[in-house]
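Undergrad: A predicted structure for the sequence below; I have some questions about it.
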Amino acid sequence: MSSNNPQTREWQALSNDHHLAPFSDFKQLKEKGPRIITNAKGVYLWDSEGNKILDGMAGLWCVAIGYGRDELADAASKQMRELPYYNLFFQTAHPPALQLAKAISEIAPQGMNHVFFTGSGSEGNDTVLRMVRHYWAVKGKPSKKVIISRINGYHGSTVAGASLGGMTYMHEQGDLPIPGIVHIAQPYWFGEGGDMTPDEFGVWAAEQLEKKILEVGEDNVGAFIAEPIQGAGGVIVPPATYWPKIKEILARYDILFVADEVICGFGRTGEWFGSDFYDLKPDLMTIAKGLTSGYIPMGGVIVRDEVVKVLNEGGDFNHGFTYSGHPVAAAVGLENIRILREEKIVERVKSETAPYLQKRLRELSDHPLVGEVRGVGMLGAIELVKDKATRERYVDRGVGMICRTFCFNNGLIMRAVGDTMIISPPLVISFAEIDELVEKARKCLDLTLAELQK
Ligand SMILES: Cc1ncc(COP(=O)(O)O)c(C=O)c1O
């Protein structure tokens, strides 16, 4: 992005000279220069060129209560003055972490009353890996080490997180996955369902779990981990048959179930957790993002009482982070949950704004480029195709990236996962802002189609 604005150019020069950006092609970024985001309010961002952009992704799926809430800044400032840091190691604790653990257990599914805090979702899933293996060791079944995960699932970018995840482009860098993690098919009907109906495909995909448990041996399997709805994989809403069949299989085998709620948690589906939406009854849930609305880094693992009972017998759990339950992050999380509860934001998503968003998004199905629109709550996906009937894609055209660029340049952030456009706006988005989002999305689909026809 070449700019006439000297301030933008200065920041881009700093990026070129000193910064290595996450999930970026360093060289390409140097040539283009990053877009510089300078401030934000509600569902809108402003860049250094003065452009106002509707953030259809809530940052990275995290800014649940919207940008610019002074209450969170005030909570952080107050906590920084009172106790800016102390740790939870060596039999100490502090009020914000304890109060936040209680607040989380009040909104978590029944029987999940304990929280282990981390600094991020990835650290949460690292914790899951170690906690699951420790749990089985304490139970006298140390061979139950293998974690089953899914191809194209996303569980973070640490070694354990990326290994649990099923992104081949991540596995290719750094010899991942680490041993003891195996992957099964994802329930992505639009992309991989072939001639099966969505319901048939949902059952087939779920049966892959049982097949894998039998192949690895129940005595060697510690857990199955999955996102209720895959986010980074392309907002993959499983067919209706998928979760009921998975639950049936989980009930037959003595393995733990981990729901990665990093995206689905804290109201994104219109329920507090994706596990509530699908009635999943997990043993552990990974959380982050919406926990603090992204205002400050924090993650964690919510653990079922029966699992805690076993861990209580295990002596020291030799795991933790300097910033586990950081007091400032905990104070912000607590205030964020207070706002979500008192302003009934999750209830409003469920009964008002999510139904409206889903209805308006589906109107895009009539667009010649659109093969499917799907979504749940404040999550949506638009599949871009060459042929609506056969679900055939454009080959090697980078349609998703073309569309994403048009969105950027027309005041809307939508993300592209291959040729799937995805959205996950702040939970507080209004009806009028939903209209704006959908109208901008249609305009960008038109521009993308015109570009393809050139
Ligand atoms: C489902 C899921 N799990 C884990 C993570 C990793 O979280 P973090 O980036 O905070 O480490 C993400 C991040 O997008 C995620 O979507």
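TA: Done, it's in. Residues are numbered from 1 along each chain as shown.

Undergrad: drop to CA atoms for contacts and neighbour counts, all remaining ones
TA: Fine.

Undergrad: surely Arg133 meets Lys145?
TA: Yes. The criterion here is C-alpha atoms under 8 Å, and Arg133 meets it with Lys145 at 5.5 Å.

Undergrad: so what sits against both of the two?
TA: Listed as contacting both Arg133 and Lys145 by C-alpha atoms under 8 Å, 6 or more residues apart in numbering are Gly222.

Undergrad: close to the ligand: what parts of the chain are there?
TA: Contact residues (C-alpha under 6 Å from any ligand atom) of the chain with the ligand: 120-122, 154-156, 227, 231-232, 260, 262-263, 288.

Undergrad: quick one, phi/psi of the residue lying closest to Ala288 once chain neighbours are set aside?
TA: Spatial nearest neighbour of Ala288, chain neighbours left out: Gly299 (3.9 Å); criterion: C-alpha to C-alpha, 6 or more residues apart in numbering. Backbone torsions for Gly299, taken as degrees, to the nearest 10, come to phi -150, psi -170.

Undergrad: burial check on Gly299, number of neighbours?
TA: Neighbours of Gly299 under the rule other C-alpha atoms under 10 Å: 29.

Undergrad: do Ala75 as well
TA: The local packing of Ala75 (other C-alpha under 10 Å) involves 19 other residues.

Undergrad: related to what we said a few turns ago, quick one: which of the residues of the chain next to the ligand sit in strands?
TA: Those of those mapping onto strands are Asp260, per DSSP state E.

Undergrad: state the distance from Gln453 to Cys444.
TA: As defined by C-alpha to C-alpha, to the nearest Å, Gln453 lies at a distance of 14 Å from Cys444.

Undergrad: do the same with Ser77
TA: Using C-alpha to C-alpha, Ser77 is found at 41 Å from Cys444.

Undergrad: hmm, back to that, the residue nearest to Ala288 and Val216, how far apart?
TA: For Gly299 relative to Val216 (C-alpha to C-alpha), the value is 31 Å.

Undergrad: residue contacts, the nearest residue to Tyr154 once chain neighbours are set aside?
TA: Using C-alpha to C-alpha, 6+ apart and skipping the chain neighbours, the partner closest in space to Tyr154 is Gly165 (4.5 Å). The contact partners of Gly165, by C-alpha under 8 Å, 6+ apart, come to 149-156.

Undergrad: pLDDT value on the residue nearest to Ala288, please?
TA: Model confidence at Gly299, expressed as pLDDT, equals 98.

Undergrad: quick check, it in contact with Asn125.
TA: No. Assessed by C-alpha under 8 Å, Gly299 is found out of contact with Asn125, at 9.4 Å.

Undergrad: all helices of the stretch 101-250 of the chain, in order?
TA: In the stretch 101-250 of the chain, the helices defined using DSSP state H, counting those that start in this stretch lie at 121-138, 159-164, 168-171, 189-192, 198-216, 242-252.

Undergrad: could I get these as TSV with mean neighbour count?
TA: As requested, the helices of the stretch 101-250 of the chain are arranged in TSV below (neighbours: other C-alpha atoms under 10 Å):
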stretch	mean neighbour count
helix 121-138	24
helix 159-164	25
helix 168-171	14
helix 189-192	16
helix 198-216	19
helix 242-252	16
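
Undergrad: residue contacts, Thr269?
TA: Thr269 makes contact with 277, 350, 376-379 under the criterion C-alpha under 8 Å, 6+ apart.

Undergrad: longest helix in the protein, by residue count?
TA: Taking DSSP state H as the assignment, the helix of the chain that covers the most residues is helix 431-453.

Undergrad: tell me the contacts of the residue in the stretch 351-454 of the chain positioned nearest to the ligand?
TA: Nearest residue of the stretch 351-454 of the chain to the ligand: Ser424, at 11.4 Å (C-alpha to the nearest ligand atom). If you count contacts by C-alpha under 8 Å, 6+ apart, Ser424 has them with 56-58, 61, 378-380.

Undergrad: and what of Ser157?
TA: Going by C-alpha under 8 Å, 6+ apart, Ser157 touches Ser122.

Undergrad: can you give me the pLDDT of it?
TA: pLDDT for Ser157: 98.

Undergrad: please identify the helix or strand for Ser275.
TA: Following DSSP states H and E, the helix or strand that holds Ser275 is helix 274-277.

Undergrad: so which elements touch that helix?
TA: Based on contacts counted as 3 or more C-alpha pairs under 8 Å, 6 or more residues apart in numbering; DSSP states H and E, there is no element that helix 274-277 packs against.

Undergrad: now that helix: mean pLDDT?
TA: Averaging pLDDT along helix 274-277 gives 98.

Undergrad: show me where pLDDT drops low in the protein?
TA: Low-confidence regions of the chain, defined by pLDDT under 70, span residues 1.

Undergrad: the same query, at a cut-off of 80, please.
TA: 1-2 (pLDDT under 80).

Undergrad: nearest residue to the middle of it?
TA: Ile263 (2.9 Å; C-alpha atoms, centre = their mean).

Undergrad: so that residue sits right up against Gly59, yeah?
TA: No. Between Ile263 and Gly59 there is no contact under C-alpha under 8 Å: 11.7 Å.

Undergrad: which parts of stretch 276-289 are buried?
TA: For stretch 276-289, a neighbour-count test (16 or more other C-alpha atoms under 10 Å) marks 276-277, 280-289 as buried.

Undergrad: give me the phi and psi for the nearest residue to Lys388 once chain neighbours are set aside.
TA: Leaving aside its chain neighbours, Lys388 sits nearest to Gly371 (4.7 Å; criterion: C-alpha to C-alpha, 6+ apart). Backbone torsions for Gly371, taken as degrees, to the nearest 10, come to phi -90, psi -30.

Undergrad: wait, Gly371 touches Ser365, no?
TA: Yes. Judged on C-alpha under 8 Å, Gly371 makes contact with Ser365 at a distance of 6.9 Å.
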